[in-house]
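[1] Give me a model of this one.
(2 chains)
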2 protein chains.
Amino acid sequence: MADLHIQINRDKGGIAGQIASELRDSIRGGRLAPGTRLPATRDLATDLQVSRGVVVEAYEQLVAEGFLVSRVGVGTQVAPKTTPRAAPRQKPSPRPKPVRRASSAPVCAPPYYGHRPTSPDLSHFPRERWLAAVRHVLTTVPSEAFDYGDPGGVPELREELAGYLRRVRAADVRPENLVIVGGVAQGLSLVLHVLSRQRPLRLAVEDPTSQRQVPLLRRAGAHLVPVPVDEEGLDVRKLSGDAVLVTPAHQYPTGVVLSPPRRAALMEWAYAGNRVILEDDYDAEFRFDRDPVGCLQGLAPGRVVLSGSVSKALAPGLRLGWVAAPPDLAEAVRRARGELDLGSPVIEQYALAHFLRTGGYDKHLRRMRREYRRRRDALVRALAQELPEARVRGIEAGLHVYLELPDGWDELVTAHVAQEVGLSTEPVAPMRESAGAAAVVVGFSRLPAHKALDAIRGLKVRMSGQNVD
Amino acid sequence: MADLHIQINRDKGGIAGQIASELRDSIRGGRLAPGTRLPATRDLATDLQVSRGVVVEAYEQLVAEGFLVSRVGVGTQVAPKTTPRAAPRQKPSPRPKPVRRASSAPVCAPPYYGHRPTSPDLSHFPRERWLAAVRHVLTTVPSEAFDYGDPGGVPELREELAGYLRRVRAADVRPENLVIVGGVAQGLSLVLHVLSRQRPLRLAVEDPTSQRQVPLLRRAGAHLVPVPVDEEGLDVRKLSGDAVLVTPAHQYPTGVVLSPPRRAALMEWAYAGNRVILEDDYDAEFRFDRDPVGCLQGLAPGRVVLSGSVSKALAPGLRLGWVAAPPDLAEAVRRARGELDLGSPVIEQYALAHFLRTGGYDKHLRRMRREYRRRRDALVRALAQELPEARVRGIEAGLHVYLELPDGWDELVTAHVAQEVGLSTEPVAPMRESAGAAAVVVGFSRLPAHKALDAIRGLKVRMSGQNVD
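    Numbers count the residues shown, from 1 in each chain, chains lettered A, B, ... in the order given. Predicted coordinates:
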């Protein structure tokens, strides 16, 4: 049984988070060895003089993140370590032929820019506070700051971001692991460019997945291998390839959160074959019903490349994101950027650093999380009331719901009609390799709460009309 | 003899420019056919009621740009047209083995970011006016502007830039030819990426050339073929490859301006083999002693890809530039960007559009051109006075001089000592494939006029000491 030294600062609040954070650090630092049994929640709660629910919450958080495992009759233990084996590097595994997307291309290829169902509500972009941040930069940075910058990003921003990702995403990053990029798309392009220069790269992708990404992944040199997603997320047993691209926090489009056993299995897969996990930390900031699950990167910083951006939190038009990678890979990505485009514009990097440092980013996120939660609740209520025969999934996080359609509803017709009544919608069929129930993605970020019911009623009425035709 | 209908607006000033512009349009529009003889300058001056010098200036400008040719005993004629021949596309020409850089890598590889001798004086970055432009954007653009933007660039900026490039660079561009990119480096990366996907690409590069670019060109998929530069610029007779990268306005590092016969020969080469000219419009905005020579692109918009940026005019840290390409290639580049990084940040694109529209850009350039000219004059005077045995070249334009060193001066030692006395200097040897006289590049953008003499004296004194050692 572990002897735990947990420091709690009762003035700070978030006690469960503090406990989780201390435990996480102990596991990472090796002070809690793999297999170590943790005290029963009741005992630890007594020790720490907190309610038992607080300890349960902390344990659950770490189970969700994969640091702990919990088994009936055994209690809670530190997860078995999945360190890299001394396997020969780059040993080729038997390669199943990469599955290609059928030539039956998506029926309605979406444009690769402009509005998406998952875009944030840009009428809430904090124009004044962003301007204040730019003003701060333009009146304070030295002239040299306007020169050719480090292609890995402005040091001030990497410092702030590393702190932010450690705190909010339980990531295990230092500034030197970070490369600032022009969004998740560029982050993926660069990482795949680097990896596929080393060897031909078979990249496992979730099925269904964002079809907008497919041309990007191919252009960057990857051969795609679709792997099905079920109720627990990516089906790790069916995984093959040299690397995998996953959205564990909120799978796109299904909204599934990767289950703890799957997280553990995924780690094992990566370590066993010296493989790389590309974690798209998609929608992680908008988790509504509980604390966000820490990112995979925090669990295995040597195997996981974390990509994120401010596209959901602030605006896609800022084109600001990051890649957190093991040091060698981070350096290769930074060097690639230095030889491709010399890095991101500096003024907005400094502005984001200022926005993070002064708490403006957190404040904006809190405000938007409240507002999006209201909009989500209204949409989910309206769907339950008006379309009980539809199945609503993936509502724990993000800016869209995944809606499995009532019998007889066609995806394309539904998406078209939904657009007409003001719902930002896309059919799921073009995102799939394998067959699945008819479904659409419905974004709610720009759907005010008071309009949800009317919109869903409108959809229902028009779809009934369609069915009568 | 041509019958010229030239409209002059005497209220506007710049009569020579007006005449040149009318003639250029007539040649482009086919109203003046290839080979047509132009009136003698004296006759046209009489017709137009202007001084003869004005007509001479207009003719010289167009000869420099390649629209006209002037021969003793023949007079001035419209240049022979070099239209694409019906040559088979992608016909492989005999391929000399691409010359590789010797493994004897540059002795002192410069870092790929930070200060360069050719960087502008960033203490003059117009902070307040740039902030005003950002404020204008943040208080006026609609919310949708912050969404995923057109990867080809914000339409307002493409519109303004097309007008600017037509006016200032005599370019032949419309907004749909333009793709906004993160600087010349990204522009080249993207164009080469697109071209080298179509076929293996042998790219002729000037020798000497910027050694910073070499890894970029290679990474983008090009096989480099060095071609010597002499007193007239790139030696077109020695050209081979599928495409060529040139800096006709001010060759880097020698500062040579491509001569009119070479411009014509270069066009012919491009049309004859369906080849592409990549024109890096380097330093074009800082031409001190006469009007800037129009860009090659204006002469052959179907064969030339023009790249430029605000790195010299404003600041490298803005990472804002453009590519002007024939429509098909422009669309391919735009699409590539949509599949690599989804385009440049939008707020600064709108800000630059505003800055161009309101005349802030022109005003800043005029002010800086005056200041840089003062600094150049001071440096050139100091060199003439203190180091008459050194040969100073390439002073017509740009932010550096090319200094052929006195006998016995070593490039590396000189560059090192020059840095110590405050001169921003780089040796030329790492930029060369073939042998050449010892030389260094000396930047003057950050060397105040009153400090030039002391700096050169310091260099002379210390180098004498070095020689004594």
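[2] Let me see the contact set for the residue most central in space within chain A.
    For chain A, residue A:281 is the residue whose C-alpha lies nearest the centre (Cα atoms, centre = their mean; 2.2 Å). Counting by Cβ atoms under 8 Å, 6 or more residues apart in numbering or on different chains, residue A:281 touches A:169, A:249, A:295, A:306, A:307, A:308. Placement of C-beta: from N, CA and C, glycine included.
[3] cool, residue A:196 as well?
    Residue A:196 sits next to A:220, A:221, A:222 when contact means Cβ under 8 Å, 6+ apart.
[4] next one: residue A:457
    A:382, A:386.
[5] likewise residue A:301?
    A:171, A:172, A:173, A:177, A:324, A:326.
[6] Quick check, pLDDT for it.
    For residue A:301, the model assigns a pLDDT of 94.
[7] Could you report the separation of the residue nearest to residue A:421 when sequence neighbours are not counted from residue B:434?
    Excluding its sequence neighbours, the residue lying closest to residue A:421 (Cβ to Cβ, 6 or more residues apart in numbering or on different chains) is residue A:458, at 3.7 Å. Distance, residue A:458 to residue B:434, by Cβ to Cβ, to the nearest Å: 74 Å.
[8] Check residue A:350 too.
    Distance from residue A:350 to residue B:434, by Cβ to Cβ: 43 Å.
[9] out of those two, which sits in the busier spot?
    residue A:350 (23 against 10; other Cβ atoms under 10 Å in any protein chain shown).
[10] is it fair to say the more buried one lies in a helix?
    Yes. Counting by DSSP: H, G, I helix; E, B strand; the rest coil, residue A:350 is found in a helix.
[11] burial measure for the residue nearest to it when sequence neighbours are not counted, as a count.
    Nearest residue to residue A:350, sequence neighbours excluded (Cβ to Cβ, 6+ apart): residue A:137, at 4.2 Å. Residues near residue A:137, counting by other Cβ under 10 Å, number 23.
[12] Flag every buried residue along the host helix or strand of residue A:137.
    Using DSSP states H and E, residue A:137 sits in helix A:127-140. Using 16 or more other Cβ atoms under 10 Å in any protein chain shown as the test for burial, helix A:127-140 gives A:127, A:129, A:130, A:131, A:132, A:133, A:134, A:135, A:136, A:137, A:138.
[13] returning to what we had before: roughly how far apart are the residue nearest to residue A:350 and residue A:351?
    Distance, residue A:137 to residue A:351, by Cβ to Cβ: 5 Å.
[14] dump the residue contacts of residue A:288.
    Counting by Cβ under 8 Å, 6+ apart, residue A:288 makes contact with A:369, A:372, A:373, A:376, A:395, A:396, A:397.
[15] List buried residues within those.
    Among the contacts of residue A:288, those classed as buried by 16+ other Cβ under 10 Å are A:372, A:376, A:395, A:396, A:397.
[16] In helices, which of those residues fall?
    Among these, the residues falling in helices (DSSP state H) are A:372, A:376.
[17] Output the buried ones among the contacts of residue A:288 in a markdown table, with distance to residue A:337 and pLDDT appended to each entry.
    Formatted as a markdown table, these follow (distance: Cβ to Cβ, whole Å; pLDDT from 0 to 100):
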| residue | distance to residue A:337 | pLDDT |
| --- | --- | --- |
| A:372 | 32 | 96 |
| A:376 | 36 | 96 |
| A:395 | 37 | 92 |
| A:396 | 34 | 90 |
| A:397 | 30 | 91 |
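[18] List phi and psi for the residue of the stretch 151-300 of chain A found nearest chain B.
    With Cβ to the nearest Cβ, the shortest gap between the stretch 151-300 of chain A and chain B falls at residue A:186, namely 3.6 Å. Dihedral pair for residue A:186: phi -70, psi -40, per degrees, to the nearest 10.
[19] now stretch A:122-131, how far from the chain's geometric center?
    Distance of stretch A:122-131 from its chain centroid, counting by Cα atoms, centre = their mean, to the nearest Å, is 23 Å.
[20] all strands of chain A, in order?
    A:68-71, A:75-78, A:178-181, A:201-207, A:222-230, A:233-234, A:243-246, A:276-280, A:304-309, A:321-324, A:391-393, A:400-404, A:424-427, A:439-443 (DSSP state E).
[21] List the strands paired with the longest one, with their directions.
    Spelled out, that is strand A:222-230. Next to strand A:222-230 in the sheet, as set by DSSP bridges, lie strand A:201-207 (parallel), strand A:233-234 (antiparallel).
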